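# My questions concern the predicted model and sequence given below.
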Amino acid sequence: HKNAVLKCVCAASCVGREYHRRTPGNTRKQIKKPDVLEEENEFHYSISQMPTNMDTIVSVSFLSILFIVSTSTSPPQHSLSLSLRSSSHGLFRTLSSSSSFVSDHWGKSPLYIPAADVPAATKLANFFTIKNLLEASGSFVNGYRTSDEYRQGDTTTWKFVPLNPNPIKPISEEMIRSGLEGGTIYFNSAGSLWKNLGEVCCEAIDAFDFPCNINVYCTPKGFVNSVPPHTDQQHVFVLQTNGQKHWKVYAPPPTRTTKGSPSADPLMRGKGGDILKEEECGELLFEGVVREGDVLYIPCGFPHVTSTSESKKESVHMTLGVDATVFGLTWAHLRFCVLSRLNLDTKIDNVSDDHFWMLQRALPIGFLSGDSVDDIVSQFHHLCSTVDAKKYKRMIGKINREAIVGSLETLQEHAKEIINVQRRSYEDVDIRSDDSLIKAAECTRSIDELMLKFATFARSFELQRKYRGRIKHYENMLDRESSSSNRLQ
């Protein structure tokens with residue numbers, strides 16, 4: 001049975017999917033939208049449907065959540081420097097409890113923190129290096145590398161392929177080194193594979209009260225485009241542990257653009273065949289070199305591009321992703337749940353860019369404590385009256401406090417359950433242990449079931465079909481492999 005499960009994990013690791021949906025802060029430009037949004041683009045632009053393409057919790061070790069990046073123009077002196085430097089807490093606890101970070105940066109703008117200002121309790125330099133990556137050799141963990149097309153000059157969109165073309169066999173050191181010779185490589189869900197990275201994930205969960213995950217990226221020196229311009233769904237903390245990398249971080253482009261695909265997901269720009277050019281992006285907010293021990297925070301949906309053209313050795317960094325969007329913990333999801341449960345219309349007419357990003361904001365940091373219920377109810381009414389004033393006036397008499405609090409409590413319980421599963425996946429892990437990989441797969445299955453439960457509550461039939469299909473697919477795969485093993489025995 002163990003071998004059958006492991007083969008399923010290896011097969012799934014080849015798929016290479018990526019999560020789907022959204023979360024940023026505010027944009028500066030507004031563009032004219034149709035009066036009524038088409039049904040197929042409802043969630044993308046009006047948030048009238050629940051997210052349904054939350055796939056990449058699987059990738060390699062099955063529990064993948066994020067991806068990374070960004071930076072500003074010559075490292076700025078920020079107001080948090082003194083409080084960060086003198087904090088007795090770790091980085092994440094210090095930031096989550098900082099009113100300056102929460103009000104000025106969280107979901108709104110990038111923040112560069114030089115190593116000298118990182119709290120003493122957080123040691124990043126050489127925390128994870130190429131030596132640690134090579135510990136994966138001999139295991140069934142699979143990583144990814146930039147595709148041959150990308151390495152041959154087609155750097156227009158995000159393209160990665162597995163490091164190990166035959167994941168039924170263990171990955172070798174040669175595969176890892178060979179992948180690194182030609183460009184960027186990365187390992188998803190690294191917190192469920194390396195013990196020290198799992199501990200970092202747990203620290204971030206404790207600080208932010210949101211599900212968190214780590215990916216690890218390594219790029220050799222001398223690459224002008226280590227990754228193309230793109231956006232991500234997570235709030236990302238780039239933790240530079242070895243070498244250095246040059247970053248550019250931009251304000252989000254218009255949510256609907258004529259230059260790229262008109263149906264492109266604003267939180268997945270530059271991926272899946274979509275092309276995001278730097279000239280399409282908004283204002284350049286940060287450009288600079290992130291060095292060993294430095295930290296860079298990038299809000300959800302903010303485009304970024306990286307380079308190691310001036311580096312003297314390979315760059316290794318961890319990307320800690322705080323996942324509100326992927327697991328349905330944004331204002332858009334709360335609004336959808338409340339209105340859907342009341343049998344009210346969830347569609348939004350003529351949504352502007354500013355309103356789009358308002359909806360994508362994560363629920364307040366620390367919302368799991370329940371201390372901010374009154375504030376959340378007040379903010380909910382303000383949000384609804386802002387993004388669709390006419391419809392809100394017609395519905396106001398039907399949106400009662402009980403309905404808002406009821407949906408909020410369900411989201412709180414949902415988040416706690418997801419977090420508990422994540423914690424289990426980060427405990428007692430060993431990169432060379434098949435049991436760790438199998439546990440990650442089992443945790444992914446548990447999260448699929450929790451997402452199905454959440455979709456049922458939200459009355460999102462599309463999301464229900466999605467997760468029923470995922471669960472059934474895994475069960476079928478396991479049955480086939482178990483039957484095959486029995487026949488061999």
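Great, that's in hand.

# the helices in the stretch 101-250 of the chain, which residues?
Secondary structure of the stretch 101-250 of the chain (DSSP state H, counting those that start in this stretch): helices at 130-133, 148-151, 173-181, 195-208.

# where's Ser86 relative to Pro119, distance?
As judged by C-beta to C-beta, to the nearest Å, Ser86 and Pro119 stand 8 Å apart. From N, CA and C alone the C-beta is placed, and that goes for glycine too.

# Look at the residue nearest to Lys398 when sequence neighbours are not counted and report its pLDDT.
Excluding its sequence neighbours, the residue lying closest to Lys398 (C-beta to C-beta, 6 or more residues apart in numbering) is Leu342, at 5.9 Å. Looking at Leu342, its pLDDT is 95.

# now swap in Val118 and tell me
Looking at Val118, its pLDDT stands at 92.

# about what we covered before: to Val227, which of the helices of the stretch 101-250 of the chain lies closest?
helix 148-151 (9.0 Å; C-beta to C-beta).

# Only the buried residues of that closest one, if you could.
Neighbour-count burial for helix 148-151 flags Tyr150, Arg151 (criterion: 16 or more other C-beta atoms under 10 Å).

# again with stretch 116-129
Judged by neighbour count (16+ other C-beta under 10 Å), stretch 116-129 contains these buried residues: Asp117, Val118, Pro119, Thr122, Leu124, Phe127, Phe128.

# Go through the residues you listed and say which is closest to Leu329.
For these, the closest approach to Leu329 (C-beta to C-beta) belongs to Thr122, at 24.9 Å.

# Out of the buried residues of stretch 116-129, the closest to Leu239 would be?
Relative to Leu239, and with distances defined as C-beta to C-beta, the nearest of the buried residues of stretch 116-129 is Leu124, at 5.4 Å.

# residues contacting that closest one?
Going by C-beta atoms under 8 Å, 6 or more residues apart in numbering, Leu124 touches Ala115, Val118, Leu239, Gln240, Thr241, Glu292, Gly293, Asp294, Val295.

# Which of the residues you listed fall in strands?
Using DSSP state E, the members of those that fall in strands are Leu239, Gln240, Thr241, Val295.

# tell me the pLDDT at Thr308?
At Thr308, the pLDDT recorded in the model is 92.

# same thing with Gly273?
What the model reports as pLDDT for Gly273 is 82.

# That one contacts Thr157, correct?
Yes - assessed by C-beta atoms under 8 Å, Gly273 is found in contact with Thr157 at 6.0 Å.

# Compare the two (neighbour count), which wins?
Between Gly273 and Thr157, counted using other C-beta atoms under 10 Å, the more crowded position is Thr157 (20 against 11).

# out of everything not next to it in sequence, what's closest to the more buried one?
Of all residues not flanking Thr157 in the chain, Ile275 sits nearest, at 5.3 Å (C-beta to C-beta, 6+ apart).

# Same question for the one you found, what's its three-state structure.
Following DSSP: H, G, I helix; E, B strand; the rest coil, we place Ile275 in the coil state.

# re earlier: just among the ones in strands among the contacts of Leu124, which is most surrounded?
Neighbour counts for these (other C-beta under 10 Å) peak at Leu239, which has 26 neighbours.

# That one: what's it in contact with?
Residues near Leu239 by C-beta under 8 Å, 6+ apart: Leu124, Phe127, Val200, Val295, His317, Met318, Thr319, Leu320.
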